[in-house]
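Asker: Mind looking at a prediction? Sequence and model below.
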Amino acid sequence: MSGSRRHRRGQSMQFQGQGLVEYAIIIVLVALVAILGLLLLSDTATQWLMQTACEVGGIGCGTSNEQITMDFAEEEALQGWMVGDFLGRDRDFWVEDGRLHSDPGAFMLYRNYAGRDYTAIAIEPRLETFRPDVNQGFSVAFRAEDINGRLNGYTFRIYHNVNSGQQAIYFSKVVDGSTIWPALNWSRLPEPFDWRQPGDVRIEVVGNTFTAYINGQQVMQASDDTFESGQAGLVNMGNSDFSFKGFIIDPH
């Protein structure tokens, strides 16, 4: 039996247990050092790390309170935008003649900023093709996100209902691509606004209160606490081809 080595079960398990404890201690120490390092980073370095994580991960996050202004006169203005569809279908968006266009039924979110309180402004929305046989309209989305290609968040919509002939506006929640009824608030579109080319549409989001303005005139207010933060963007209803001159996000 010379040269053989016996291992007692108890001894072997003890050594393994000691190894696990030592590894756990090392991991904890490394984590503590990393946390202390982050705490010692300057605000600029921390902001850079957060922005890099957002861009690599494909998620939106705000890193400053500076206003974000996008003029769709150039294709480069689409950087940072993503497109989805209420039903999870493939959709596209593009710049043509200095305006942002998208396929009907598409939603477009600006992923490089997400926050709680901000103002979102759709600049010069315009219906390109009127169809008298279908409902048409567009929305400004806020505190929104794309989950598996489906929109989740809030929208303010301007639309034309074929059956009633009404031009209406409403705030609503959207969950997994479906608009939740009853709406948070609903009203006919006040005169003299034209739903096909209403003018700049501004949504102010402060706490649980949302206020809509058209060409500077307050037209509606609503409140809800379901979604605490998120991205902002634009939505084309199915059968609609609204285009937009620009878009502004102004963090509060």
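Answerer: Thanks, I have it.
Asker: quick one: average pLDDT of stretch 99-112?
Answerer: Averaging pLDDT along stretch 99-112 gives 93.
Asker: For the host helix or strand of Ser139, which strands pair with it and how are they oriented?
Answerer: Take DSSP states H and E as the rule and Ser139 turns out to sit in strand 136-147. Strand 136-147 pairs in its sheet with strand 150-160 (antiparallel), strand 230-236 (antiparallel), by DSSP bridges.
Asker: So Asn76, which state does it fall into?
Answerer: Just to correct that, residue 76 is Glu rather than Asn. Per DSSP: H, G, I helix; E, B strand; the rest coil, the local secondary structure of Glu76 is helix.
Asker: again with Thr179
Answerer: Following three-state DSSP, the label given to Thr179 is strand.
Asker: what does the model give the nearest residue to it once chain neighbours are set aside for pLDDT?
Answerer: In space, and not counting its chain neighbours, Thr179 is closest to Ser172: 5.1 Å by C-beta to C-beta, 6 or more residues apart in numbering. C-betas here are computed from N, CA, C, even on glycine. pLDDT, Ser172: 98.
Asker: residue ranges of the strands in the stretch 151-252 of the chain, please?
Answerer: 167-175, 178-188, 201-206, 209-214, 217-223, 230-236, 242-243, 246-251 (DSSP state E, counting those that start in this stretch).
Asker: ugh, typo on my part, it should be the stretch 1-150 of the chain
Answerer: Using DSSP E, counting those that start in this stretch, strands in the stretch 1-150 of the chain cover 68-71, 81-85, 93-96, 99-102, 106-115, 118-123, 126-127, 136-147, 150-160.
Asker: worst average pLDDT in the ones you listed?
Answerer: Among these, strand 81-85 scores lowest, with a mean of 83.
Asker: Of the strands paired with strand 136-147, give the one that comes closest to Glu75.
Answerer: Smallest distance to Glu75 across the strands paired with strand 136-147 (C-beta to C-beta): 16.7 Å, for strand 230-236.
Asker: That closest one versus strand 201-206: what angle between them?
Answerer: 160 degrees (axes from the mean of the first three to the mean of the last three C-alpha atoms, to 10 degrees).
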